[in-house]
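> Sequence first, predicted coordinates after that:
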Amino acid sequence: FSFPFSFLFINLIKFKSMAEIISEKDTKDTEASEPVVPDPSKKRQPLSINEKIDKAEAFKIEGNELVKAGEYKKAILKYSRVFAYINGLNQKDSQMAQYQKSLGVEGPSNEENDQITKLQIAAWSNLTLCHLKLNEPNKALDQVAKVLLREPNNGKALFNKGRAYLMLNKLEEAKQNLQAAAQIFPKDGNIRKELAKLPALFEKQKQKEKATWQAAFKKI
């Protein structure tokens, strides 16, 4: 009888071990399924307007450092983060402003409004520069349009808009914006340099159009 008893004893131990494992798993699953009640004392407080401005300013500075290092794609990511903190804060009817109000956060003061506007313009201007450096004139035009919507006489924005049109070979538009920039900064060497390119480019365009017409007449 020793063999059957030993066999039964061993299997009994195995069965007990499996039962313990299953029981332990069921306990863990039950614990995992129980809802976690958040601790009210650890509830995250919403950022104040001033704190959001500080966060946005920090991302702008990081973007500026990346531009100096020639890391334009990485800089674009940093400048984009600026708007995650300040977009809509200076617009009373925006969703962000309404959300802040629902959290009991007061709207920006006049001084904070000015800071937000300056941050927006700086970020859009720098995004424009990055896209020009990356040979992305259409994206540059999208960003610079936002600057000029708020500051129509921003000389730097007009200059960059002219440069973007030059890259697209839209010479009339380039000339118009570069001349407008030159009126604001008449002694700026970079603006003069871009304007100096135009006569040769217009002549080249004229010759190309002439050749196109001549080729068309030959086919008639």
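The structure has been received and is ready for your questions. Residues are numbered from 1 along each chain as shown.
> element containing the closest residue to Ile49 other than its chain neighbours, please.
Spatial nearest neighbour of Ile49, chain neighbours left out: Pro108 (4.7 Å); criterion: CB to CB, 6 or more residues apart in numbering. (Each C-beta comes from the backbone N, C-alpha and C, glycine too.) Of the helices and strands defined by DSSP states H and E, none includes Pro108.
> Roughly how far does Pro108 sit from Asn90?
Distance, Pro108 to Asn90, using CB to CB, to the nearest Å: 6 Å.
> Which residues are in contact with each of these two?
Counting by CB atoms under 8 Å, 6 or more residues apart in numbering, the contacts common to Pro108 and Asn90 are Ile116.
> Show me what the helix or strand harbouring Asn177 packs onto, helices and strands only.
Element membership of Asn177, judged by DSSP H and E, is helix 171-184. Judged by 3 or more CB pairs under 8 Å, 6 or more residues apart in numbering; DSSP states H and E, helix 171-184 is in contact with helix 155-167, helix 189-218.
> And that helix, what's buried?
Within helix 171-184, the residues that count as buried by 16 or more other CB atoms under 10 Å are Leu171, Glu173, Ala174, Lys175, Asn177, Leu178, Ala180, Ala181, Ala182.
> need the contact list for the residue nearest to the spatial centre of the chain.
Central residue of the chain (CA atoms, centre = their mean): Ser80, 2.0 Å from the mean position. Neighbour list for Ser80: Leu127 [criterion: CB under 8 Å, 6+ apart].
> how near is it to Leu119?
Here the criterion is CB to CB. By it, Ser80 lies 13 Å from Leu119.
> same question, Glu136
23 Å.
> for this structure, what are the low-confidence residue spans?
Counting by pLDDT under 70, the chain shows low-confidence ranges at 1-44, 91-106, 217, 220.
> quick one: the helices in it?
Along the chain, counting by DSSP state H, helices occupy 2-33, 49-68, 72-86, 95-102, 110-133, 137-150, 155-167, 171-184, 189-218.
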